[in-house]
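Enquirer: Provided below are the primary sequence and the corresponding predicted coordinates.
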Amino acid sequence: MAKLTIDGVEIEVPNGVTVLQACELAGVEIPRFCYHERLSVAGNCRMCLVEVSPGPPKPQASCALPAGEGMTIKTNSPMVKKAREGVMEFLLINHPLDCPICDQGGECDLQDQAMAYGGGRSRFHENKRAVPDKELGPLVKTEMTRCIHCTRCIRFATEIAGVEELGATGRGETMEVGTYIEKALTSELSANIVDLCPVGALTSKPYEFNARPWELTRTESVDVLDAVGSNIRIDSRGSEVLRVLPVLNEDVNEEWISDKTRYACDGLKRQRLDTPYVRRDGTLQAASWDEAFAVIASRIKGIDGGRIAAIAGDLADCEAMVALKDLMAGLGSPHLDCRQDGAKLDGSTRAAYLFNSTIAGLENADACLLIGTNPRWEAPIINARLRKRWLKGGFPVGVVGARHDLTYPTDYLGAGPQTLREIADGTHAFCDILRKAERPMLIVGQGALARDDGAVVLGTARRIALDFGVIADEWNGFNVLHTAASRVGAMDLGFLPGEGGLDVAGILDGASAGTMEIVYLLGADEIDVAKLGASFVIYQGHHGDAAAHRADVILPGAAYSEKSATYVNTEGRVQRAARAVFPPGEAREDWTIIRALSDTLGKTLPYDDVSAVRRRMASINPVFYGLNDVAAAKWEDFGQSGEMADAAFQSSIENFYMTDPISRASVTMAACTRAVLGQAENLTGTDG
């Protein structure tokens, strides 16, 4: 610990911190533009100048100066004030007076610091510099004349995202930030540079000229477009969600979110289901809630529970799933499942389907084996954590499955089960790396589990974990990476086939054969709807996606931004999304629909408010008592032994930008598909 004096107050700080960090610890604000705590130090904006003694008789950049024993720091002396005014005066020489039309207005660091630390006048009257704008794709809008060369965007793309597409050319007044060759940014985290930009040089293209920040209502919530559970802020005006921004959570997403999380929100207002529908004379026609419930009741009446089934979709919330589970139990049906993709997950042991090391905990690992997963598309935030760990050094990563550019070096071990068998038998070269590691980890993706032999793959992965020290007294590195926000919560609630019950494949086969007469789809769109045959299909959801077109009755539900709902992320963290806006038209929160339907069916559920529903959830599984906590799961036997097919493992996602009804309805995600994935196809060629 080093002792130093800051503005007359003595403080003790950890060794290795900079003067800027020491000032922050002392509660003293230091202005900055280029410095960011998650990026390397650039030291090029000079706004963080302070007076240091002993030292040279001039202001020094605090972001790049290590704090030392006995230092005396002055942050508000006349020298410092004059230096900051001078820096601000230089910055504003070429900065255009765009504040009235700039989307950064009201959230601009340059505005704030010009008011707080500027001199209020300029001695420069030359013509301002003009810089051509750059085309960075459908997400990021540029106004490069405003750029102050802080290089935050360049450092983020290089260090955090790992896609080195941004850089600077020229020097001094001729310096320009861009992509060298004009192209769309291809990182799944690219739009985080909009948050990092301290001026209006990089702004959100889909949000351009939509609103000012003081017009918006801000609601902290949870993202459901993947299974990471990123903490987000939903900014809305009236009944419309205008933008989604990240919320700091060191244990989950730090302060980043994926481009899909940020920009798929325009899909919330397109293709919405806002009134019940009933199929009459072969066509879906609008109906009242009473009419829709009456049709369902008349169809279910007298049908044996063994001929009724329910499937929960990837965006379903826990409250709705527990209500549907209880309704199916009341109807006598054991046929319910949440695994739309057919993943052979073992619901009897919680450790068998969790990301047990936790997202933040993977930074403690010293070796990694990826099995049938592409984390860059399946969970960009987790992939960024893996890159962060790799940057520290001593982190070999082996890949079994398809080849992908994961933004960090990997050892490609093989395409599928044959390689996995060799690792399990201890004959593969990568086994030596796993043996030498103190905290090895493995990540099993849904691409490896959503196969007919998925249970054997799971069992083989468990064997590898036991044999190579992945499981230890203080360490559990066995991780399942989910892609569906609802999956872990559904597994925790036991939304799985009961005794004699059928899974998704069995339900669809029964529907095709005519033995399954009623199928209830709770937002389940990722199934083969052609296999539903002549069964009576009830679809409850918020978008007119694939399953809604096949439905006989449609019950309009609420999207994640329109309800207070519980989700459990891939590491088993229970989180709660908050309602930012109300559902459109006649749409209602999902659990209330099921509760009302149960009345009509004469199987009234024993809860009337959301608190009672949540108590019911906790009675099924105590993990729901603890919000934002991750409870360690007991390690038990799971998986199966046997032979695996020779087919190679494939990633479960073919298009990162369109994975669910919301993103498929998004115009912005469609533009990204064309601009980024089409661009990638052009680069690789049609021959591959």
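Expert: In hand now; what should we look at? None of the values given here were measured: they were computed from a predicted structure.
Enquirer: Apart from its chain neighbours, what residue comes closest to residue 656?
Expert: Excluding the flanking residues, the one nearest residue 656 by CB to CB, 6 or more residues apart in numbering is residue 377, at 4.2 Å. No exception for glycine: its C-beta is placed from N, CA and C like everyone else's.
Enquirer: Quick check: next helix or strand after the helix or strand hosting the one you found?
Expert: In this assignment (DSSP states H and E), residue 377 forms part of helix 375-378. Counting by DSSP H and E, the element after helix 375-378 in chain order, helix or strand, is helix 380-391.
Enquirer: any idea how far that next one is from the chain center?
Expert: Per CA atoms, centre = their mean, to the nearest Å, the displacement of helix 380-391 from the mean C-alpha position of its chain is 13 Å.
Enquirer: Check which helices and strands it is in contact with.
Expert: If contacts are counted by 3 or more CB pairs under 8 Å, 6 or more residues apart in numbering; DSSP states H and E, helix 380-391 sits against helix 375-378.
Enquirer: Give me the residues contacting the helix it packs on.
Expert: The contact list for helix 375-378 (CB atoms under 8 Å, 6 or more residues apart in numbering) reads 188, 226, 382-383, 386, 404-407, 443, 445-446, 481, 483, 651-653, 656.
Enquirer: ok, now how distant is the residue nearest to residue 656 from residue 260?
Expert: The gap separating residue 377 from residue 260 is 10 Å, by CB to CB, to the nearest Å.
Enquirer: Equivalent analysis for residue 238, please.
Expert: Per CB to CB, residue 238 is found 24 Å from residue 260.
Enquirer: between these two, which one's more packed in?
Expert: Ranked by neighbour count (other CB atoms under 10 Å), residue 238 and residue 260 place residue 260 first, with 27 against 9.
Enquirer: Is the more buried one within a helix or a strand, and which one?
Expert: Residue 260 belongs to helix 259-263 when assigned by DSSP H and E.
Enquirer: Only the buried residues of that helix, if you could.
Expert: Buried residues in helix 259-263, counted by 16 or more other CB atoms under 10 Å: 259-263.
Enquirer: Stretch 287-303 too?
Expert: Neighbour-count burial for stretch 287-303, counted by 16+ other CB under 10 Å, picks out 287, 289, 292-293, 295-296, 300.
Enquirer: Which residues does that stretch contact?
Expert: With CB under 8 Å, 6+ apart as the test, stretch 287-303 has contacts from 275-278, 308, 331, 517-518, 536, 538, 552-555, 586, 596-597, 600-601.
Enquirer: Of those residues, which belong to strands?
Expert: Residues of the contacts of stretch 287-303 located in strands (DSSP state E): 277-278, 308, 518, 536, 538, 553-555.
Enquirer: any idea where the helices of the stretch 351-500 of the chain begin and end?
Expert: Under the criterion DSSP state H, counting those that start in this stretch, the stretch 351-500 of the chain contains helices at 375-378, 380-391, 417-425, 430-436, 446-449, 454-467, 487-493.
Enquirer: ok, residue 30 - contacts?
Expert: Residue 30 makes contacts with 20, 23-24, 48, 50, 62, 75, as judged by CB under 8 Å, 6+ apart.
Enquirer: and residue 511, that one's in a helix?
Expert: Yes. Assigned with DSSP: H, G, I helix; E, B strand; the rest coil, residue 511 falls within a helix.
Enquirer: Can you get me a residue count around it?
Expert: 23.
Enquirer: So residue 27: helix, strand or coil?
Expert: Following three-state DSSP, we place residue 27 in the coil state.
Enquirer: please begin residue numbering at 46 from this point
Expert: All right, first residue 46 from here; so that's residue 72.
Enquirer: Phi first, then psi, for it.
Expert: When read as degrees, to the nearest 10, the backbone of residue 72 gives phi 80, psi 20.
Enquirer: repeat for residue 657
Expert: For residue 657, the backbone dihedrals (degrees, to the nearest 10) come out as phi -70, psi -40.
Enquirer: Was I right to think residue 606 contacts residue 313?
Expert: Yes. Counting by CB atoms under 8 Å, residue 606 does reach residue 313; the two are 6.1 Å apart.
Enquirer: Perfect, that will be all.
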